[in-house]
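Colleague: Give me a 3D structure for the following:
(one chain, ligands or ions: 1)
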Amino acid sequence: MNNFLKSKIGYGTYKVTDQKELNNSIKWAILAKYDFIDTAAFYKNETQIGKSIKLFKKEFPKKEILPIQTKIFPNNFKKNIVSELKISLKKLGNLKSIEACLLHRPHVENSMNVKAWKELIKCQKLGLVKYIGVSNFEPDMIRILYNETGVIPQIVQDEASVNSIRNDRIRFCKDNHIMMQGWRPIGLMEKNMKCPLLKNMAKKYKCNVSDILIAFSVAKGYVPIVKSSNEKRIYANVKALKIKLKKEDVIKLELDLNEYQSTITSGADSYAYLYLKK
Ligand SMILES: NC(=O)c1ccc[n+]([C@@H]2O[C@H](COP(=O)([O-])OP(=O)(O)OC[C@H]3O[C@@H](n4cnc5c(N)ncnc54)[C@H](OP(=O)(O)O)[C@@H]3O)[C@@H](O)[C@H]2O)c1
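Modeller: Residues are numbered from 1 along each chain as shown. Below is the predicted model of the structure:
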């Protein structure tokens, strides 16, 4: 993979901290040819991921290792972002630099977001990170970052699936040539697996419901970040990128299933707020 910004699929690692599970799943993700590994300081698995990669290098010395993307959580925006990124690099296996780093969520004080963004730009200038971006920021918040620094994020990571599509955010990224990544692309998994519309569509395209969900990401123009610890599903999720949904099917899925219920505007932001108040 030469250009990270042209990635087609990222491998998600949220909630996976078990070393054995990561050793296996990271090995499969590399062999299945995902384009990068997505982690975050908040996931508390950077050290384990560093160890899994070291193990993979030992087992497959000739294979290329996947680029890594990490994120800095807002509870640390008051601290020095250069030092925070260096902590992640150390955990990830004493790396000198990383492919991508994002501000994980907006801080409740916008001045903190601007401060953190300025320092992330500094990290890029220092060569600690190649590409920088933000996650879960509204377009208006990104405009402020740009107005204050003259630097627009190269990557935006947002919740995106048939159940939660923000076309305003997709359009914003497209208009500004920003790589958009979609987290939780499988969406409301249990509900989706039983959904008659999705099941019928899977029949029509001769694939599984999960494949339709990934193909939907491709059709909407964002890069799905998918987590699985299962070897078969890790491979299947990459294969699903090849499915081309018809325009009318994409529209049908969106009209029927999009609930605009971003978890960010409900529980997650108030959690971040409480966390910062400590
Ligand atoms: N920036 C943010 O705020 C943010 C927030 C949340 C997540 N993320 C990132 O986005 C990644 C993905 O989000 P997520 O992990 O919440 O959700 P997800 O990848 O949409 O879904 C993960 C779930 O789907 C299952 N799954 C995966 N492939 C499947 C398939 N082909 N068929 C059936 N089930 C399948 C997995 O189970 P198995 O493991 O058993 O296959 C797991 O339970 C995260 O891991 C993280 O890296 C970012």
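
Colleague: could you pull out the helices for this protein?
Modeller: Along the chain, the segments classed as helices by DSSP state H run 19-31, 46-59, 81-91, 110-125, 139-149, 167-175, 189-194, 196-204, 209-220, 231-239, 247-257, 269-277.

Colleague: Comparing those helices, which comes out most buried?
Modeller: For the helices of the chain, the largest average neighbour count (mean count of other Cβ atoms under 10 Å) is found in helix 209-220, namely a mean of 23. For the C-beta atoms, the positions are set from N, CA and C on the backbone; glycine is no exception.

Colleague: In the sheet, which residues pair with residue 157? Tell me.
Modeller: Applying DSSP bridges to residue 157 yields these beta-bridge partners: residue 135, residue 181.

Colleague: how about the residues of the stretch 51-200 of the chain near the ligand?
Modeller: 104, 135-136, 157, 183-186, 189 (Cβ under 6 Å from any ligand atom).

Colleague: Find the pair from those residues with maximum spatial separation.
Modeller: 104 and 189 (22.5 Å; Cβ to Cβ).

Colleague: still on that earlier bit, are any of the residues of the stretch 51-200 of the chain next to the ligand buried, and if so which?
Modeller: With neighbours counted using 16 or more other Cβ atoms under 10 Å, those contain these buried positions: 104, 135-136, 157, 183-186.

Colleague: Residues in a beta bridge with the residue in the chain that the ligand sits nearest to, which ones?
Modeller: For the chain and the ligand, the shortest gap (Cβ to the nearest ligand atom) falls at residue 12, measuring 2.4 Å. Residue 12 has these beta-bridge partners by DSSP bridges: residue 38.

Colleague: Just give me the neighbour total for it.
Modeller: 25 (other Cβ atoms under 10 Å).

Colleague: Wait, it touches residue 182, no?
Modeller: No. Residue 12 is beyond contact range of residue 182, at 10.4 Å (criterion: Cβ atoms under 8 Å).

Colleague: so what sits against both of these two?
Modeller: residue 225 (Cβ atoms under 8 Å, 6 or more residues apart in numbering).

Colleague: OK, contacts around the residue nearest to residue 153 when sequence neighbours are not counted?
Modeller: If the residues on either side of it in the chain are set aside, residue 153 comes closest to residue 133, at 4.0 Å by Cβ to Cβ, 6 or more residues apart in numbering. Each residue near residue 133 by Cβ under 8 Å, 6+ apart is listed here: 100-103, 153-157, 178-179.

Colleague: quick one: pLDDT of residue 133?
Modeller: Residue 133 carries a pLDDT value of 98.

Colleague: Now do residue 131 against residue 89, distance only.
Modeller: 15 Å (Cβ to Cβ, to the nearest Å).

Colleague: how close does the residue nearest to residue 162 when sequence neighbours are not counted sit to residue 197?
Modeller: Using Cβ to Cβ, 6+ apart and skipping the chain neighbours, the partner closest in space to residue 162 is residue 257 (4.3 Å). Distance, residue 257 to residue 197, by Cβ to Cβ: 7 Å.

Colleague: repeat for residue 225
Modeller: Distance from residue 225 to residue 197, by Cβ to Cβ: 24 Å.

Colleague: now swap in residue 128 and tell me
Modeller: Taking Cβ to Cβ, one finds residue 128 at 45 Å from residue 197.

Colleague: returning to what we had before: can I get the helices of the chain in JSON lines with distance to residue 75 and mean pLDDT?
Modeller: Formatted as JSON lines, the helices of the chain follow (distance: least, Cβ to Cβ, whole Å; pLDDT from 0 to 100):
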{"stretch": "helix 19-31", "distance to residue 75": "24", "mean pLDDT": "98"}
{"stretch": "helix 46-59", "distance to residue 75": "16", "mean pLDDT": "97"}
{"stretch": "helix 81-91", "distance to residue 75": "10", "mean pLDDT": "98"}
{"stretch": "helix 110-125", "distance to residue 75": "10", "mean pLDDT": "97"}
{"stretch": "helix 139-149", "distance to residue 75": "18", "mean pLDDT": "96"}
{"stretch": "helix 167-175", "distance to residue 75": "24", "mean pLDDT": "95"}
{"stretch": "helix 189-194", "distance to residue 75": "28", "mean pLDDT": "96"}
{"stretch": "helix 196-204", "distance to residue 75": "37", "mean pLDDT": "98"}
{"stretch": "helix 209-220", "distance to residue 75": "30", "mean pLDDT": "98"}
{"stretch": "helix 231-239", "distance to residue 75": "31", "mean pLDDT": "98"}
{"stretch": "helix 247-257", "distance to residue 75": "34", "mean pLDDT": "96"}
{"stretch": "helix 269-277", "distance to residue 75": "5", "mean pLDDT": "45"}
